[in-house]
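Q: quick one, what's the 3D model for this:
(chains A and B)
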Amino acid sequence: MSKTRHLDAHCQAILDEYQNNLPRFREVEQDTKEKLKKTLADAGLLVAAIESRVKAYDSLAGKLELKGHKYNSLSDITDILGLRVITFYLDDVDKVASAVERLFTIDWENSVDKRKIHEIDSFGYLSLHYICSVPGFPYRFEIQMRTLLQHAWANMDHDTGYKSGVEIPKRYMRNMSRLAGMLELVDDEFSKIRIELTDYRRRVQALVRSGNLDEVPIDGDTFRSYLELEPFNQLNKRIAAMNQAEIQEVPLMPYLPVFKSMGLKSLGDIASVIKKYSDGAYQLACYQIGLTDLDIISSSIGPQDLCIAYILKNGGGKAGIKHMFDTLNGESDSNEMMAEMLMEQAKDLPFMNTDN
Amino acid sequence: MEVKINTQDSVTTAQLIGRLDTPASQEISGDFDNLTQFAAGTVILDCTQLQYISSSGLRLFLSLRKAAASKGGKVIVKAINNEIRSVFMMTGFLNLFEIQD
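A: So this is what the prediction gives:
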């Protein structure tokens, strides 16, 4: 519901100008938001949110009632249109800022990097505000750029701070400042972790490429990098050649927990399994599909049959095979039936009856 | 080979009845084309009365799964017999599908 405002003719004129231009503000809101979205997406920059709003009539009327004399015209008010980009990481704020600088004309005199204006002994609202403009639109608008944690703090501070209508005692202000300082530290730590992780991934990828697989522990990142080398390709092609079958590529990441449960520790261990058990896996595949007319297989046939050969050869037996299928397909009684069938099929195969 | 399709809300069930060999796969490929229309939801391939599946049948299942994946839907393969389960396993497709007993 609209409040009754006491506005003089000057303020009323600004409000009228606002109302007349409201559709244009909304158009520019959509345009600028779309441009920002596209530029950030093209740069591969994942952000938590891009928000925008055009100031509501009542909110502007309230502002004018309080300090309307400060503004000569509507173009002096820079927050009629406001956009906000919320990033996950602290260092992404600067990347967003450089995208904004490329897209819009920045009014540097009125833009504020609130991250820099704090006293050394105070913490609080940290955020980057740019006052921007675009050709063909006479009004400036504001873009705020902040991290999720800065956003959380700003919202909590907003709620408990100046809008609550009660002056906050100093001890609470101090507690809020302590929280703000803590969030700043957390933001820094998140950024550091990301930098360290990126560095770790690069080093691992280099090790994988150079073939030093024994030094690379098995985890989600390293296994994914290893799969890019297509380590099961040779075995898959060998199996496919049997029936001139086509190979359908399927995700192989589900094999990560299987390899781990087999006690393999490094990518070198997987490479050793491929080397040592490929013949066994091929023999099993020959037995299973060699006499059929099945001419389509998935790229998981290689790792699946390798794991079966490894488990059987190392005494894992029916329970080991069932566990493998349970891990891959979810627990089911039919996994036991398949394990039994595989035990029966494998027992007469050459790899089960030789020492190596 | 017969396919009975029934849709309720966002779940479409296709009962596959008979042997899905190469000629049967050609015969019912139109039914699978129809099923891709429902691939944004859940498609259940009820195999209670399916006795056999060939490579051509597997290809039908795979193309339906691909359509579902691109539309954000899913394909559930229900009640396959042991012989068909072995075919899925021997070809390495077992963990690609959600299989319900």
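Q: the closest residue to A:E228 other than its chain neighbours: neighbour count?
A: Sequence neighbours aside, A:V208 is the residue nearest to A:E228 in space, at 8.0 Å (criterion: C-beta to C-beta, 6 or more residues apart in numbering or on different chains). Just so you know, the C-beta spots here come from the backbone N, C-alpha and C atoms, and that holds for glycine as well. Burial of A:V208, expressed as a neighbour count using other C-beta atoms under 10 Å in any protein chain shown, amounts to 21.
Q: can you map out the strands along chain A?
A: With DSSP state E, the ranges of strands along chain A come out as A:47-54, A:81-87, A:105-106, A:112-113, A:128-133, A:141-147, A:246-248, A:296-298.
Q: which other residues reach the first one?
A: Think strand A:47-54. Under the contact criterion C-beta atoms under 8 Å, 6 or more residues apart in numbering or on different chains, strand A:47-54 has outside partners A:22, A:25-26, A:29, A:32-33, A:36-37, A:40, A:80-88, A:92, A:96, A:148, A:151.
Q: remind me what whichever strand or helix holds B:L45 packs against, helices and strands.
A: Assigned by DSSP states H and E, B:L45 belongs to strand B:42-46. Taking 3 or more C-beta pairs under 8 Å, 6 or more residues apart in numbering or on different chains; DSSP states H and E as contact, the helices and strands that strand B:42-46 lies on are strand B:11-20, helix B:55-71, strand B:74-78.
Q: quick one, the last one and helix B:55-71 angle?
A: An angle of 140 degrees separates the directions of strand B:74-78 and helix B:55-71 when computed by axes from the mean of the first three to the mean of the last three C-alpha atoms, to 10 degrees.
Q: now do the contacts for the residue in chain B that chain A sits nearest to.
A: Of all residues in chain B, B:G92 sits closest to chain A, at 3.4 Å by C-beta to the nearest C-beta. When contacts are counted by C-beta under 8 Å, 6+ apart, B:G92 touches A:250, A:297-302, A:304.
Q: next to chain B, which bits of chain A? Give me the list.
A: On the criterion C-beta under 8 Å from any C-beta of the partner chain, chain B has as its neighbours in chain A the residues A:245, A:248, A:250, A:254, A:285, A:288-289, A:292-302, A:304, A:325, A:328-329, A:332-334, A:337-338, A:341.
Q: and these, which of them are buried?
A: Buried subset of these (neighbour count, 16 or more other C-beta atoms under 10 Å in any protein chain shown): A:245, A:248, A:250, A:285, A:288-289, A:294-302, A:304, A:325, A:328-329, A:332, A:334, A:338, A:341.
Q: low pLDDT regions in chain A?
A: Across chain A, residues meeting the criterion (pLDDT under 70) sit at A:1-4, A:113-126, A:157-168, A:356.
Q: grab the longest helix from it for me.
A: Of all the segments of type helix in chain A, defined by DSSP state H, the longest one is helix A:170-210.
Q: ok so, going back, okay, the strands of chain A in TSV with distance to A:Y71 next?
A: Rendered in TSV, the data for these read as follows (distance: least, C-beta to C-beta, whole Å):
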stretch	distance to A:Y71
strand A:47-54	17
strand A:81-87	15
strand A:105-106	21
strand A:112-113	18
strand A:128-133	14
strand A:141-147	15
strand A:246-248	66
strand A:296-298	68
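Q: one step back: so what's the residue nearest to A:E228 up against?
A: Counting by C-beta under 8 Å, 6+ apart, A:V208 touches A:216, A:222, A:225-226, A:228-229, A:267.
Q: quick check on A:W108: phi, psi?
A: Backbone dihedrals for A:W108, given as degrees, to the nearest 10, come out at phi -60, psi -30.
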